[in-house]
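1. Okay, sequence plus prediction incoming.
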Amino acid sequence: MKNDIIKPVAVLVCICLFVTAALAYTNSVTAPIIKAADEKAAAEARAEVLSEADTFKLLNVKNLPECVTEVYKAENGAGYVFMLTVKGYGGDMNLICGIKSDGTIEQSKTLSHSETSGLGSKTAENPYRKQYSGKSEKTLNEVDAISGATISSTAYKKAITDAFKAYDIVKGAE
């Protein structure tokens, strides 16, 4: 009777140990590859939104606006790139925005979002995000919201507004 319980439990424990070891090994092999791919994608996104930049330096800045998670400075003085996270209608929207040294946006881009397909997701598409190109802090009010997706549009605009606030902070710190 005791053997009937101990044997299956021992087999299951062995199976669990083997599977756990296999998963741990797979994770240790793939983690550096995934990290390198993520870093490469981030570097490509930075180069895309601030094309005149040569290389970027991550700045350690205190008291950044709510939506700004990271700030990168172009080492050749071309401008700054801001990593942004804002709460949209469907959840967090992760954006990137390149602001040139003259204080205008070269480009903004949605890196990830969970907005409603066909409505809020339009903030990630060219017709909407291209409106931001060439805008300054003073002309940002010229950007039109997406009809039916005002929460997503407002969130996107808030993130870009915070990027300009952060731009003023880092520009003033030089």
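-> Thanks, I have it.
2. From the chain's centroid, how far away is the strand or helix carrying Cys16?
-> Cys16 is part of helix 2-49, with elements assigned from DSSP states H and E. Here helix 2-49 is found 25 Å from its chain centre; the criterion is Cα atoms, centre = their mean, to the nearest Å.
3. Can you tell me the closest non-neighbouring residue to Glu142?
-> Lys135 (6.8 Å; Cβ to Cβ, 6 or more residues apart in numbering). All C-beta spots, glycine's among them, are computed from the backbone N, C-alpha and C.
4. And for the one you found, the neighbour number?
-> The local packing of Lys135 (other Cβ atoms under 10 Å) involves 19 other residues.
5. State the distance from it to Cys16.
-> 56 Å (Cβ to Cβ, to the nearest Å).
6. Same check on Ala149?
-> 47 Å.
7. Where does the prediction get shaky in the protein?
-> Residue ranges of the chain with pLDDT under 70: 1, 118-120, 172-174.
8. What segments of it are strands?
-> 56-59, 68-74, 79-87, 92-100, 105-112 (DSSP state E).
9. The shortest one: which residues count as buried?
-> For strand 56-59, the buried set under the neighbour-count rule, 16 or more other Cβ atoms under 10 Å, comprises Phe56.
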